[in-house]
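Visitor: What shape does this take:
(one chain, ligands or ions: 2)
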Amino acid sequence: MEMDTIAAISTALGEGAIGIVRLSGEDAIAIADQMYRGKQSLEQVASHTIVYGFIEDPRTKERIEEAMVTVMRAPKTFTCEDVIEINCHGGIMSVNRVLQLALRLGARLADPGEFTKRAFLNGRIDLSQAEAVMDLIRAKTDRAMDVALHQVEGRLSKHIQALRQALLETVAHVEVNIDYPEYDAEEMTHDLLREKADYVKKEINKLLVTASQGKVLREGISTAIIGRPNVGKSSLMNSLVHDSKAIVTDIPGTTRDVIEEYVNVRGVPLRLIDTAGIRETEDIVERIGVERSRQVLKEADLILLVLNYGEELSKEDVALFEAIRNMNVIVIVNKTDIDQKIDLTEVKQLAEGRPVLTTSLLHDKGIDELEEAIASLFFEGNIDHDDMTYVSNTRHIALLEQAKGTIEDALGAIEMGVPIDLVQIDITRAWELLGEIIGDSVQESLIDQLFAQFCLGK
Ligand code: GDP
Ligand code: ZN
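Guide: Ligands and ions are numbered 1, 2, ... in the order given. Next up is the predicted model:
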């Protein structure tokens, strides 16, 4: 496949101070060579080596950057094409200038996701792996990163391939029975077919069970901290943020008046929802009014309701309990360092079996227990994420649901004694649907749409 040379800034994950300009395509090495000054020409450098040198504007001879340049020749590269990575450390301005120079010398600015698209088109990765790269970019915590990484390694693909193989074998078996009766192959019976279909259905179910966790890992559990003014909501927010190992603040594009902060509580990413100016007076009820706070509550997956240990329960407290009926709630009775006025028995009644914890945030007491409660709420104590293949991609989930549906149709037909060659149609459809997850039968438009979602430079 003949493709032009593309270039983009490929931002390192995390807080990397180094910016990378990446080029891919036939002329990648030649273009980079025009602006590289080092001991030898890049054309002479062996594949997969890093050389030190300077980036210079060949027209003005102006030195732009001190750089480490990685040369990787096709086909053993991410895109299967010649790839150059120019590691700059002069901040975003000089990274930009290096990119501009590459564009002037003949490279084309890459579309979002185009590097990954090429990797896919050149057969380097399958579609679920390509999507995992996108999730990696967005991964909010280490654990979410893990899930995405496993997928890049092809865990989901292997799972899906095994299921497709099982389906394919049954279909082939039926075909042989019909088309070559003289072969005398073992007859595919309803029982045998049911057994296979049952197996695949169970496996799909297992994958779907992981889906809700996968989604949460990727997007964060939207969590609202609510309570009357002065009970300690800001303090709670601060404790969670400061205790958190990985804080990813500020998602580009959040221009709404609700601010979201990501905190990582024992591997569970919480998307703390609060109003603008969160560090001053951010009492949701107070600031944005009852109606808006009801809206925030509706969107939340988890509510942290804060009460004051040193005050009697008020009408407002009871109203808040009313507003969060049937939701995931952890009740936090704060300020245990002052004299007790609150009736804890009444609090527990109102909590209706949901966890009630006491804290003294002023003295950092009770935070561990709270984190424990959050983690066990999410992981239900026994999810071993290391051994799991999480399904976290909305498209994958939809396809798995559909495949499961057609398998169920097949099972229904088997029960009704429908002839096997008709049942087979559903089985084949399920096989196709699973194939779409790994990109075996996707249409061009879908591919374009998927890759357009990628960040630039990946
Ligand atoms: P918010 O209005 O609900 O956000 O409450 P803040 O977090 O702003 O806290 C209100 C006041 O209560 C501040 O002066 C805090 O220092 C204080 N406070 C927070 N937690 C505790 C606690 O555990 N014990 C005591 N005595 N004071 C606390
Ligand atoms: Zn506050």
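
Visitor: Just the buried positions in stretch 334-346, please.
Guide: For stretch 334-346, a neighbour-count test (16 or more other CB atoms under 10 Å) marks 334-336, 342 as buried. For every residue, glycine as well, the C-beta is placed using N, CA and C.

Visitor: Just grab the bridge partners of Asn264 for me.
Guide: Beta-bridge partners recorded for Asn264 (DSSP bridges): Pro269.

Visitor: Skipping adjacent residues, who's closest to Leu344 in space?
Guide: Val333 (6.9 Å; CB to CB, 6 or more residues apart in numbering).

Visitor: for the one you found, phi and psi?
Guide: Backbone geometry at Val333, expressed as degrees, to the nearest 10, gives phi -100, psi 110.

Visitor: so it makes contact with Thr345?
Guide: No: taking CB atoms under 8 Å as the definition, Val333 is not a contact partner of Thr345, at 12.0 Å.

Visitor: follow-up on the earlier one: pick the one among the buried residues of stretch 334-346 closest to ligand 1.
Guide: The nearest member of the buried residues of stretch 334-346 to ligand 1, counting by CB to the nearest ligand atom, is Lys335 at 3.8 Å.

Visitor: List the residues that contact the closest one.
Guide: Counting by CB atoms under 8 Å, 6 or more residues apart in numbering, Lys335 touches 231-232, 308-310, 360-362.

Visitor: now swap in Val98 and tell me
Guide: 21, 35, 55, 64-65, 67, 86, 88.

Visitor: Ends of stretch 10-25, what's the gap?
Guide: End-to-end distance for stretch 10-25: 16 Å, by CA to CA, to the nearest Å.

Visitor: tell me the average confidence for that stretch?
Guide: Taken as a whole, stretch 10-25 has a mean pLDDT of 66.

Visitor: I'd like the contacts of Lys335 written out as TSV, with secondary structure added.
Guide: Listed next are the contacts of Lys335 as TSV, based on DSSP: H, G, I helix; E, B strand; the rest coil:
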residue	secondary structure
Val231	coil
Gly232	coil
Asn308	strand
Tyr309	coil
Gly310	coil
Ser360	strand
Leu361	helix
Leu362	helix
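
Visitor: okay, those residues in JSON lines with pLDDT, neighbour count and distance to ligand 1 next?
Guide: Shown next, in JSON lines, are those (pLDDT from 0 to 100; neighbours: other CB atoms under 10 Å; distance: CB to the nearest ligand atom, whole Å):
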{"residue": "Val231", "pLDDT": "88", "neighbour count": "25", "distance to ligand 1": "4"}
{"residue": "Gly232", "pLDDT": "86", "neighbour count": "23", "distance to ligand 1": "4"}
{"residue": "Asn308", "pLDDT": "96", "neighbour count": "21", "distance to ligand 1": "9"}
{"residue": "Tyr309", "pLDDT": "97", "neighbour count": "22", "distance to ligand 1": "8"}
{"residue": "Gly310", "pLDDT": "97", "neighbour count": "16", "distance to ligand 1": "7"}
{"residue": "Ser360", "pLDDT": "97", "neighbour count": "18", "distance to ligand 1": "4"}
{"residue": "Leu361", "pLDDT": "93", "neighbour count": "24", "distance to ligand 1": "4"}
{"residue": "Leu362", "pLDDT": "91", "neighbour count": "13", "distance to ligand 1": "3"}
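
Visitor: now the residues you listed in a markdown table, with distance to Glu408?
Guide: Formatted as a markdown table, the contacts of Lys335 follow (distance: CB to CB, whole Å):
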| residue | distance to Glu408 |
| --- | --- |
| Val231 | 49 |
| Gly232 | 50 |
| Asn308 | 52 |
| Tyr309 | 52 |
| Gly310 | 56 |
| Ser360 | 53 |
| Leu361 | 50 |
| Leu362 | 56 |
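
Visitor: Tell me the secondary structure at the residue lying closest to Gly38 once chain neighbours are set aside.
Guide: Residue nearest to Gly38 in three dimensions, not counting chain neighbours: Gly53, with 2.8 Å by CB to CB, 6+ apart. The local conformation at Gly53, judged by three-state DSSP, is strand.

Visitor: With only the CA atoms kept, save the helix or strand containing Thr345 in PDB.
Guide: If you go by DSSP states H and E, Thr345 is part of helix 344-351. What follows is helix 344-351, C-alpha atoms only, in PDB (Å, rounded to 0.1, in the frame of the first residue of the first chain):
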ATOM      1  CA  LEU A 344     -26.600   7.900  64.900                       C
ATOM      2  CA  THR A 345     -29.500   5.400  65.200                       C
ATOM      3  CA  GLU A 346     -31.700   7.700  63.200                       C
ATOM      4  CA  VAL A 347     -28.900   8.200  60.700                       C
ATOM      5  CA  LYS A 348     -28.600   4.500  60.200                       C
ATOM      6  CA  GLN A 349     -32.300   4.200  59.800                       C
ATOM      7  CA  LEU A 350     -32.300   6.800  57.100                       C
ATOM      8  CA  ALA A 351     -29.300   5.200  55.400                       C
END
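
Visitor: and the next element down the chain from it?
Guide: strand 356-359.

Visitor: Get me the contact residues on the stretch 301-450 of the chain for ligand 1.
Guide: 334-335, 337-338, 360-362 (CB under 6 Å from any ligand atom).

Visitor: Taking the residues you listed together, which two end up most distant?
Guide: Within these, Ile338 and Leu361 form the most distant pair, 12.0 Å apart (CB to CB).

Visitor: any common contacting residues for those two?
Guide: Common neighbours of Ile338 and Leu361, counting by CB under 8 Å, 6+ apart, are absent.

Visitor: which non-adjacent residue is nearest His173?
Guide: For His173, the spatially nearest residue (CB to CB, 6+ apart) is Met188, at 4.7 Å.

Visitor: Doesn't that neighbour belong to a strand?
Guide: No: looking at Met188 with three-state DSSP, it is coil, so not inside a strand.

Visitor: can you pull the pLDDT of it?
Guide: pLDDT, Met188: 70.

Visitor: close enough to count as contact, it and Glu169?
Guide: No: the pair Met188 and Glu169 fails to qualify as a contact (CB under 8 Å) at a distance of 9.9 Å.

Visitor: and Val95, how many neighbours?
Guide: 24 (other CB atoms under 10 Å).

Visitor: One more: the one 4 residues further on?
Guide: Burial of Leu99 is recorded as 22 neighbouring residues (other CB under 10 Å).

Visitor: tell me the contacts of it?
Guide: Applying CB under 8 Å, 6+ apart, the residues near Leu99 are 7-9, 21, 109.

Visitor: That one falls within a helix, correct?
Guide: Yes: counting by three-state DSSP, Leu99 is part of a helix.

Visitor: Which residue ranges of the stretch 251-400 of the chain form strands?
Guide: Using DSSP state E, counting those that start in this stretch, the strands of the stretch 251-400 of the chain run over residues 258-265, 268-275, 302-308, 329-334, 356-359.
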